[in-house]
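J.: using only what follows, build the 3D model:
(one chain, ligands or ions: 2)
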Amino acid sequence: MTNPLVIKGFDEEGNRISSKDYDELVHNAIEHSNHLQLETFGQHNIGCRLYSDKAVLLELIGPVGQRLGAMGMPGTTIISNDSASDDVGYLNIGAEIIVKGDASNGVCNAMAEGKVMIGGSIGARGLTMTKWNPAHNRPELWVLGSVGDTFAEFNCGGIGIVCGVNPKKKENVLGYRPCVGMVGGWIYFRGNTDGSFSKNDAKVLAPEDGQWQWLMDRMPDYLEKIGRLELLEELSIRDEWKVLVTNSVQEKLDLQDETLSMAEYKEQFWNNVFKGGDPLSDLAPDLDRKPIPVINTGDLRIKEPQWLNPSSKGKCIDCHLCETICPKAAVNRYDLDGDDTAKYQYGSDDQKCIGCGFCRDICPNDIWQMSLLK
Ligand code: SF4
Ligand code: SF4
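T.: Numbers count the residues shown, from 1 in each chain. Ligands and ions are numbered 1, 2, ... in the order given. Predicted structure coming up:
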């Protein structure tokens with residue numbers, strides 16, 4: 001890395017530069033240097049959406065506002081030598097964000113990829129509503145101390161690591177009611193808890209060999225980045241760690257005494273609370289309530305199927321499976337007259353087809369191919 005380009009968070013008269021103007025200065029600066037030193041003055045959204053074809057390092061000196069590293073891009077590294085405010089790593093999709101002090105509420109809220117490493121403790125609602133695309137790495141949140149209430153609520157694939165070193169509350173490193181609605185991912189933790197995690201959504205286990213290896217492979221890098229490598233030995237005692245693992249769908253169902261069908265739930269609860277079943281009826285009585293077409297056909301599809309039998313990709317055996325499985329009745333079989341080599345062909349109707357690929361998947365002879373529509 002080159003010598004950093006310094007971007008001051010206040011002007012020549014010592015007045016604070018607004019978050020919007022500061023963001024513009026930072027975006028312009030990475031055109032000239034991929035190593036910036038930011039003398040921040042409480043600006044929000046620092047490190048947000050930095051598109052660059054090279055790795056970008058932002059070193060922060062000074063107080064930062066909310067949403068540090070929000071919508072952070074892969075290749076962006078942000079280091080704050082101090083504590084940070086709310087929503088660190090909000091909607092992050094790949095940035096590595098290191099906060100050497102504490103962070104307040106909403107850390108990693110709705111994050112999809114990337115790592116957030118905290119050198120202290122965090123406030124409420126950390127690791128909530130994360131997402132995970134299996135084609136990418138899972139989002140990770142590392143916390144040296146403890147986390148606040150409602151941790152990992154609706155976590156959907158993120159990995160949390162709570163080390164329990166100098167926690168805010170020694171008797172409870174995971175806060176009140178973690179893991180409510182968690183549907184994916186897992187949480188390593190070390191230290192006492194109040195046992196209030198959602199039993200319907202998660203269970204506590206000892207780390208399996210693979211999980212332990214995963215943790216130990218990454219622990220030195222985390223500790224080095226937050227400047228606490230001396231803790232490695234203390235944090236390498238396997239018996240002191242537990243893992244909160246998401247329950248499978250079947251386990252969740254087994255734990256429930258009685259499961260309501262959607263229709264029963266709608267009748268008993270939803271329609272009862274929202275008169276007529278519409279939660280916006282009092283706020284927006286004139287709203288157009290027609291169903292919104294979220295599934296596209298025609299040229300708005302992402303992919304379209306092509307029947308490749310004529311090009312001999314496979315030999316159609318006329319089994320009708322593609323025609324039968326199509327959820328939109330888009331596949332049709334046509335009789336061909338006067339052709340000795342082909343008596344029939346299959347085709348899909350663009351105005352019905354939604355590009356789901358079921359015809360491709362079910363065909364025993366790989367005759368359908370899904371092509372990207374430009
Ligand atoms: S892609 Fe889906 S909707 Fe389109 S023809 Fe095949 S099965 Fe039918
Ligand atoms: S599923 Fe494949 S083999 Fe069967 S009719 Fe369709 S294209 Fe032909």
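J.: which regions of the protein sit below the pLDDT cut-off?
T.: Along the chain, segments meeting pLDDT under 70 span 1-2, 311-313, 338-340.
J.: return the residues of it in contact with ligand 1.
T.: Taking CB under 6 Å from any ligand atom as the test, the list of the chain residues beside ligand 1 reads 305, 326, 328, 330-331, 348, 353-359. (Each C-beta comes from the backbone N, C-alpha and C, glycine too.)
J.: make CSV out of these and add secondary structure and neighbour count.
T.: Shown next, in CSV, are those (DSSP: H, G, I helix; E, B strand; the rest coil; neighbours: other CB atoms under 10 Å):
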residue, secondary structure, neighbour count
305, strand, 27
326, coil, 21
328, coil, 16
330, coil, 21
331, strand, 23
348, strand, 21
353, coil, 23
354, coil, 19
355, coil, 23
356, coil, 18
357, coil, 14
358, helix, 19
359, helix, 24
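J.: nearest to residue 72, of these?
T.: Ranked by distance to residue 72 (CB to CB), the residues of the chain next to ligand 1 are led by residue 355 at 31.5 Å.
J.: just give me the neighbour total for the closest residue to the closest one other than its chain neighbours.
T.: Excluding the flanking residues, the one nearest residue 355 by CB to CB, 6 or more residues apart in numbering is residue 301, at 3.7 Å. Neighbourhood size, residue 301 [other CB atoms under 10 Å]: 18.
J.: same question, residue 75
T.: Neighbour tally, residue 75, other CB under 10 Å: 17.
J.: isn't it up against residue 54?
T.: Yes. Residue 75 lies in contact with residue 54 (CB atoms under 8 Å); the separation is 7.2 Å.
J.: quick one: residue 212 from residue 141, how far?
T.: Separation of residue 212 from residue 141 (CB to CB, to the nearest Å): 19 Å.
J.: for the residue of the stretch 201-350 of the chain found nearest ligand 1, give its distance to residue 332.
T.: Taking CB to the nearest ligand atom as the measure, the stretch 201-350 of the chain has residue 326 as its residue closest to ligand 1, at 3.2 Å. To residue 332, residue 326 is 9 Å away according to CB to CB.
J.: do the same with residue 293
T.: 22 Å.
J.: with residue 114 instead?
T.: Between residue 114 and residue 332 the computed distance is 46 Å (CB to CB).
J.: residue 332 falls within a helix, correct?
T.: No. If the criterion is DSSP: H, G, I helix; E, B strand; the rest coil, then residue 332 is strand and not within a helix.
J.: so it bridges to which residues?
T.: Bridge pairing for residue 332 (DSSP bridges) gives the partners residue 347.
J.: which residues in the stretch 101-250 of the chain form helices?
T.: Ranges of helices in the stretch 101-250 of the chain, per DSSP state H, counting those that start in this stretch, are 209-225, 249-255.
J.: hmm, back to that, pick out whichever of residue 212 and residue 141 has more residues nearby.
T.: residue 141 (32 against 16).
J.: list the residues that contact that one.
T.: Contacts for residue 141 were tallied using CB atoms under 8 Å, 6 or more residues apart in numbering; they are 89, 107-108, 111, 115-116, 118, 126-127, 158-161.
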